[in-house]
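Undergrad: sequence first, predicted model second:
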Amino acid sequence: MHGRKLVTVPILLRVRGIKMSLEILDLVGRSLQAIGWVFLPFTLTPVLCLLFPKHKLTTGFQFGLCQIIDGFNIWVGEMVKWLLPALVVSIAFGVIALSIFGQAWTKFDESATYFHATVILLGSAATLLAGQHVRVDIFYAKMPAKSKALVDIVGFYALLIPFCLVLIWNAQSFVGLAWISLEGSAETDGIRGIFILKTFVSIFALMMLAQGLSIAGRASLFLRGKPMPETPPEIEDPYVTDHLETGL
Amino acid sequence: MSPNDYLALLMFAIACGALMYGYGVAFTLGGVSLIFAALGVFTGQFEASFLLALPGRVFPLITRDILMAVPLFVFMGVMLEKSRIAEDLLEAMGDLFANMRGGLGISVVIVGALLAASTGIVGATVVTMGLLSLPTMLKRGYAPSLAAGSIAASGTLGQIIPPSIVLVILGDQLSNAFQEAQRSHGLLSDSVVSVGDLFAGALLPGLILVMLYAVYIAVVAVLKPHMAPAAGWDKDVHMGQFIRRTLKAMLPPLLLIMAVLGSILSGYATPTRGAALGALGAILLAGYKLAEDKPSVRKLILLATFGLIALILVDLTGVDMRFNQTGWVISERIAVTLALLFSGIAILGTFAALTYLKGHGQLAEVSRSTMYITSMVFVILIGATMFSLVFRGFGGDELVARMLSSAPGGAVGALILVMIVMFFLGFFLDFIEITFVIVPLVAPPLMAMGMDPIWLGILMALNLQTSFLTPPFGFALFYLRGVAPPEVTTTALYKGVIPFIGIQIFVIMLVAFFPEIATVLPKMMAS
């Protein structure tokens, strides 16, 4: 379905001077998968916090984990947001160059796609952290803070984990095939980076999983009355109880 | 019905129910469908390998050229809003109509139509309009019901008026559905449907709505003057000054929005490119407005704006300025030199504006908001893709097609059925989710029955807009309630929107019985 060249025989590829063969790629893939399996139990930390709130080990660990995840995802989000002005400028100047001077540079025009896709894939975790992924808040807005926290925990396990894991799992061959041919643009003079962009699909799912974990962990700390990591200044704490009375 | 059909329907029902708990919409749609997929695998009704297609569907979604218009339009809208250009526009229009009864209400409708166009998410627009204009209207003595009703209605108006991002997404879906109808439903036609066509089709119905809203407010103002009093102009204001100030606040954003629309509708630019030019224009406007302390920056930006306009004027003369041509004539050489000069100025001014906005924090703020909205939209699209994939895995698309073909009353009956379902879904889901889940399912069979795709799209958009306004569940009402002061009671809010719902239904009927309203402009564009 992707009409791009698919290399079937093991060939040697050069990436920054390193010779890569299919075997090495395969090895990298397997090790990544192994690392994934090792880290998967971390998703249980919110439950452990709920079960053993007395142990400093669980709650303290969760606290630190939330801080690390939040910090990382905010950092990534703050970086990729600058691609948006770049997107505007690159398309706008591309239009002028094309429609007035008849000039088009494939690499320049394609860069817009990369900016756009990168913002979405790498900025989504920061968006989740900021609580900007839309909810149906007809009932949620009026729920007591404890119910909200419960929704966040149950939602994480029942909905977000399948969402992310299925995406990661099914993206393996999708991303792997892109790496085998170091898939690039369909144009000969395009950017040779589609394989990186496709890898971002897996990274997206991973970052979302981590952010969901952080939110669920925060919710479980809240439910057990433990100290929670502070939200960044511009982001509202979801469990602050003195929310606006909507009166509907 | 086979067990698969039951699973598909049950999945739909459970997803709607699960959404009510308030976990993220995208993850609820995706997660519920995956739970059902697991159930299907367990009972042997579903092939797990079906989900292997998932990344291959997600990836084109986020790299598709036409959908790049979404972040660009959002950027433009957020920039106009955060730099308070939108606020000034509303104020200036209110002042202009100050002597007229109901004038402020009418300006709210017009500004809502203009600005909402670029943001297009129901909640965001209604909240912005509510914060911006509700206090002013109440202060000037408007009846709470009329004020709240007109704001809720104008907040949803932006969806139907191009260039709104929901029309971009709906257009994209309709275009896919039309191909699907040709491919697998045996529709004999070789034409295509584009986002630009839908923009053109939405223009007339949108303008009719704006006009009817305005007429309604004017009529109320005449019949019941206490509901929409005139503020009157300040006596001691110098006329020339007043006009200058008003023009200064109104002309630039109006010209910008009209230029963007014009470039798209005339076929000069694709929606994505038009959106980029609009966002560039918004950067220049914001830079000019905010850099009051830096006259040098202002001058540069002003020059850049004139440079861009001059560039387009030179281009419109039809001189051939392509670099790789052979027969250069002297006039072309002059034109190219001029054009290059103008481009240089434009680039310089753009960077001056960007540097200023970055230095003062607005660029970061606008980019962050745009990133939030864009990610939200696309993650919903990803969740909805999962949902549709599993729904199709259960044969849900065939089920829908069968149900539609057996609807009483033939094609008309099927259409009415779809409209009713969409109307009720509008109580729970936003425009984007409905568009993405429902349109691919229902549109191909409907189009195969011979319905015009643009007409169908406009009817759906109008229908959803009405749904968002309808008490007690309408989205727009909830959002407005959230930002409205307590003196606006919920009853007043409900009472206020009822006339606007009446107008909506009237326009739906109008478009339903006179499809030309929706189809005449796209046809003119094509020829």
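TA: Arrived safely, thanks for sending.
Undergrad: which stretches of chain B have low pLDDT?
TA: B:116-124, B:231-236 (pLDDT under 70).
Undergrad: in the longest helix along it, what's buried?
TA: Among the elements of chain B assigned as helix by DSSP state H, the one spanning the most residues is helix B:362-393. Buried residues in helix B:362-393, counting neighbours by 16 or more other Cβ atoms under 10 Å in any protein chain shown, are found at B:362-363, B:365-393. Backbone N, C-alpha and C define where each C-beta goes, glycine included.
Undergrad: likewise stretch B:179-187?
TA: For stretch B:179-187, by 16+ other Cβ under 10 Å, it's B:180, B:181, B:182, B:187.
Undergrad: closest one of those residues to chain A?
TA: residue B:180 (15.8 Å; Cβ to the nearest Cβ).
Undergrad: count of residues packed around residue B:527?
TA: When neighbours are defined as other Cβ atoms under 10 Å in any protein chain shown, residue B:527 has 4 of them.
Undergrad: also residue B:73?
TA: Neighbour count for residue B:73, taken as other Cβ under 10 Å: 30.
Undergrad: I'd say it and residue B:163 touch.
TA: Yes - using Cβ atoms under 8 Å, residue B:73 is in contact with residue B:163, at 5.9 Å.
Undergrad: give the contact list for residue B:442.
TA: The neighbours of residue B:442, taking Cβ atoms under 8 Å, 6 or more residues apart in numbering or on different chains as the test, are B:400, B:404, B:418.
Undergrad: OK, contacts around the last one?
TA: For residue B:418, the set of contacting residues under the criterion of Cβ under 8 Å, 6+ apart consists of B:404, B:438, B:442, B:446, B:460.
Undergrad: what distance do you get for the third one to residue B:150?
TA: Right, the one you point to is residue B:442. For residue B:442, the distance to residue B:150 equals 32 Å [Cβ to Cβ, to the nearest Å].
Undergrad: can you get me a residue count around the nearest residue to residue B:221 once chain neighbours are set aside?
TA: Leaving aside its sequence neighbours, residue B:221 sits nearest to residue B:102 (Cβ to Cβ, 6 or more residues apart in numbering or on different chains; 2.9 Å). For residue B:102, the neighbour count with other Cβ under 10 Å is 25.
Undergrad: swap in residue B:333?
TA: 12.
Undergrad: what residues does the stretch 201-350 of chain B put near chain A?
TA: Contacts of the stretch 201-350 of chain B with chain A, taken as Cβ under 8 Å from any Cβ of the partner chain, map to B:268-269, B:272-273, B:276-277, B:279-280, B:283, B:311, B:314-315, B:321-325, B:336, B:339, B:343, B:346-347, B:350.
Undergrad: filtering the buried residues of helix B:362-393 by proximity to chain A, which remain?
TA: Near chain A, judged by Cβ under 8 Å from any Cβ, the entries from these are B:363, B:367-368, B:370-376, B:378-380, B:383, B:386.
Undergrad: what helices and strands are in contact with whichever helix or strand residue B:168 is part of?
TA: According to DSSP states H and E, residue B:168 maps onto helix B:165-184. Secondary-structure packing of helix B:165-184 (3 or more Cβ pairs under 8 Å, 6 or more residues apart in numbering or on different chains; DSSP states H and E): helix B:69-82, helix B:144-160, helix B:195-223, helix B:362-393, helix B:431-448, helix B:453-469.
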